[in-house]
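[1] Starting from these lines, generate the structure:
(one chain, ligands or ions: 1)
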Amino acid sequence: MQVAIDGPAASGKTSLARAIAARFGFMLVETGKMYRAVALGLDRGLDLAAIHVTMNDAGRILLNGEDVSDILHTPQLDQGSSRVATRPEVRELLVRLQREIAQGRDVVMEGRDIGTVVLPNADVKIFLEASAEERAHRRASERHETRIDETLQAIISRDTRDQTRTIAPLNPAKDAIIIHTDNKSLAEVVSEAIALVEERFHTGDTAAK
Ligand code: DC
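    Residues are numbered from 1 along each chain as shown. Model (predicted):
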C-alpha cells in the first residue's frame with residue numbers, strides 16, 4: 001500500500017503522514033527532510049557531489065552518515081531546501097532514493113511531487129490545501145515565532161518557488177483527493193484520510209486505476 005500526501009508549506013502534511021503511519025504501521029517517509037539535508041550540506045560548504053543523503057530504517061535522515069533529522073527545521077533551511085529543490089540533479093537523486101525506499105513496502109510518503117512524480121501509482125493520493133494565512137499561523141505557533149508577517153512572507157515566497165519551478169512543480173495529481181483544512185482540526189483531517197485508506201483496503205483493489 002502506498003499513500004502519497006502532497007501540499008504546500010506548513011499545510012500539515014507531516015502531522016497527517018505521521019498519524020497514518022502510526023495507525024496502519026506503514027513506513028513514514030518525509031521527503032522534504034531530504035531536500036533540507038542537501039541544503040544543510042551546501043550550507044556547510046560541501047560540494048553537491050560530496051553530499052550523500054540517506055534514510056535509515058527508523059526513518060531518520062542522514063547526511064553523510066550523520067543523523068541530522070532534528071536540525072533541519074530552520075527558516076534558513078526552509079528557503080535553502082526550496083532553492084535546492086529546483087535543481088534537476090538533486091531531484092533526480094532524491095526521487096530515485098524515495099522510489100527505492102517505497103519498493104516492496106507499505107509507505108506513507110509526504111512532499112510536493114509524490115502523487116505526480118515519485119509514486120504516480122500510489123493507492124491513495126491526498127493533497128492538502130490551506131490558506132497562506134492559516135498556514136503561517138500554524139507554523140508560527142509551532143516554532144514560537146512572533147512575527148506572523150515574516151512567517152507569512154516566507155511561506156508565500158516558498159510556495160511561489162515550489163509552484164513555478166520547471167521540474168516537478170507543486171501540483172495536485174489528477175487523481176488526488178483534495179482536503180481543505182482551513183476550518184478543520186488535525187483530528188478531523190486525520191479521520192477523513194484514514195477513511196480513504198480503509199476504503200482502499202476494503203476494495204482490496206490496489207492495482208486498478
Ligand atoms: O515539506 P518541507 O517544508 O520540509 O520541504 C522543504 C522544501 O523541499 C520545499 O519547500 C520544497 C522541497 N520539496 C520538494 O521540492 N519536493 C518534495 N517532494 C519535498 C520537498
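[2] Point out where this structure drops to low pLDDT.
    Across the chain, the ranges flagged by pLDDT under 70 are 204-209.
[3] residues in it within reach of the ligand, list them.
    Contacts of the chain with the ligand, taken as C-beta under 6 Å from any ligand atom, map to 9, 31-33, 35-36, 81-82, 85, 111-114, 158, 162. The way it works is simple: take the backbone N, C-alpha and C, and place the C-beta from them, glycine included.
[4] State the pair within those residues that is farthest apart.
    Based on C-beta to C-beta, the longest span within the residues of the chain next to the ligand runs between 114 and 158 and measures 17.4 Å.
[5] Between those two, point out the one with more neighbours.
    residue 114 (32 against 20; other C-beta atoms under 10 Å).
[6] what sits against that one?
    Residue 114 sits next to 4, 5, 6, 31, 98, 122, 125 when contact means C-beta atoms under 8 Å, 6 or more residues apart in numbering.
[7] isn't the third one right next to residue 113, touching?
    Looking back up the chat, that one is residue 6. Yes: with contact defined as C-beta atoms under 8 Å, residue 6 and residue 113 form a contacting pair (6.9 Å).
[8] Show me whatever sits in contact with both of these two.
    residue 170.
[9] The two - which one has more neighbours?
    residue 6 (27 against 24).
[10] got the contact list for that one?
    Residue 6 neighbours (C-beta under 8 Å, 6+ apart): 13, 110-116, 125-128, 170, 172-173, 176.
[11] where do the helices sit along the chain?
    With DSSP state H, the ranges of helices along the chain come out as 13-24, 31-43, 75-84, 88-102, 132-143, 148-164, 186-203.
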